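**Student:** build the 3D model from these lines:
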Amino acid sequence: MATVLVTGANRGLGLEFVRQYAAAGWDIIACARRPEAATELAALAQASGGRIAVEALDVADHASVDAAARRLDGRAIDVLLLNAGTMGGGSRAGTGYPTSRFGAVNYEDWDTIFRVNVAGPMKVTEAFVAHVARSAQKKCVAISSIVGSIASIRSGGLYAYRGSKAALNAVMKSLAIDLARSHGIVVATVHPGFVRTDMGGPRADLDPPESVAGVIRVIDGLDASKAGRFWRYDGSELPW
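**Tutor:** Numbers count the residues shown, from 1 in each chain. Take a look at the predicted model:
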């Protein structure tokens, strides 16, 4: 059976990815910063009959990433799903994103956002590239956002989050080129839509099950011809 590793699996989209992949019969390595506090994830794992394994992994802590990769040494990972992300402290939907307004930017917050959203996926990919390379499917997918599409920008603001997602898109595009050559790995980036989670807020367009089902369909359909491109959860392509 195929295996997926999901970062940020303790809530929101990450938790829904675990649910849906488990229902489809996959083995799941569900990663969370603090597994002891991830009660919903723990309940899913307990009921999974061993199909869901919970691992401690903080994408912002490179030692934590390396330790998780060592614990899983020799394991094949078909889909490396880079889901963990942040909008920064105090930047949840509905608050007006106060840390990212022009003239009132919190630059310490920027450091955190870029470490989690850009350096984090890069580090996880470096640490787990051998695990993905030994699998049958060989896929690496980052959850990005349409706000990182420069061609799609129609409003200002969101400087740190928007900038981090544009940077993530550039990193994944480069990885698509390099990892295809070196390991035969298919790399792509997916926008999950505007989803009703802690990050998206209650007025967003989609419920997590609908969004995640769409993203999984996109991942299932990935091949070399679709690598290095930016996809929407509904299967349409987004411009960079």
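
**Student:** so residue 4, which state does it fall into?
**Tutor:** Per DSSP: H, G, I helix; E, B strand; the rest coil, the local secondary structure of residue 4 is strand.

**Student:** how close does it sit to residue 79?
**Tutor:** Note on residue 4: its distance to residue 79, by Cβ to Cβ, to the nearest Å, is 4 Å. Where you see a C-beta, it was placed from the backbone N, CA and C, and this is true even at glycine.

**Student:** repeat for residue 221
**Tutor:** Per Cβ to Cβ, residue 221 is found 12 Å from residue 79.

**Student:** neighbour count winner among the two?
**Tutor:** residue 79 (25 against 10; other Cβ atoms under 10 Å).

**Student:** next one: the residue most central in space within the chain relative to residue 89, how far apart?
**Tutor:** Residue closest to the average C-alpha location in the chain (Cα atoms, centre = their mean): residue 83, at 1.6 Å. Per Cβ to Cβ, residue 83 is found 20 Å from residue 89.

**Student:** give me the contact list for the top helix by length along the chain.
**Tutor:** The longest helix of the chain (DSSP state H) is helix 159-183. Identification of contacts with helix 159-183 by Cβ atoms under 8 Å, 6 or more residues apart in numbering yields 87-88, 91, 97, 99-100, 102, 105, 109-110, 113-114, 117-118, 121-122, 125, 129, 132-133, 138, 140, 142, 144-145, 147-150, 153, 185-189, 224, 227-228, 230, 240.

**Student:** give me the phi and psi for the residue of the chain most remote from its centre.
**Tutor:** In the chain, residue 103 marks the outermost C-alpha relative to the chain mean, sitting 30.0 Å out by Cα atoms, centre = their mean. Main-chain torsions, residue 103, degrees, to the nearest 10: phi 90, psi -10.

**Student:** check residue 88 too.
**Tutor:** Per-residue torsions, residue 88: phi 100, psi 170 (degrees, to the nearest 10).

**Student:** does it touch residue 111 like I think?
**Tutor:** No - look at residue 88 against residue 111 with Cβ atoms under 8 Å: they stay out of range, at 9.6 Å.

**Student:** show me which of those two is the more surrounded one.
**Tutor:** Between residue 88 and residue 111, counted using other Cβ under 10 Å, residue 88 has the larger neighbour count: 23 against 13.

**Student:** lowest-scoring secondary structure element of this structure by mean pLDDT?
**Tutor:** Lowest on mean pLDDT, DSSP states H and E among the helices and strands of the chain sits helix 107-114, with a mean of 93.
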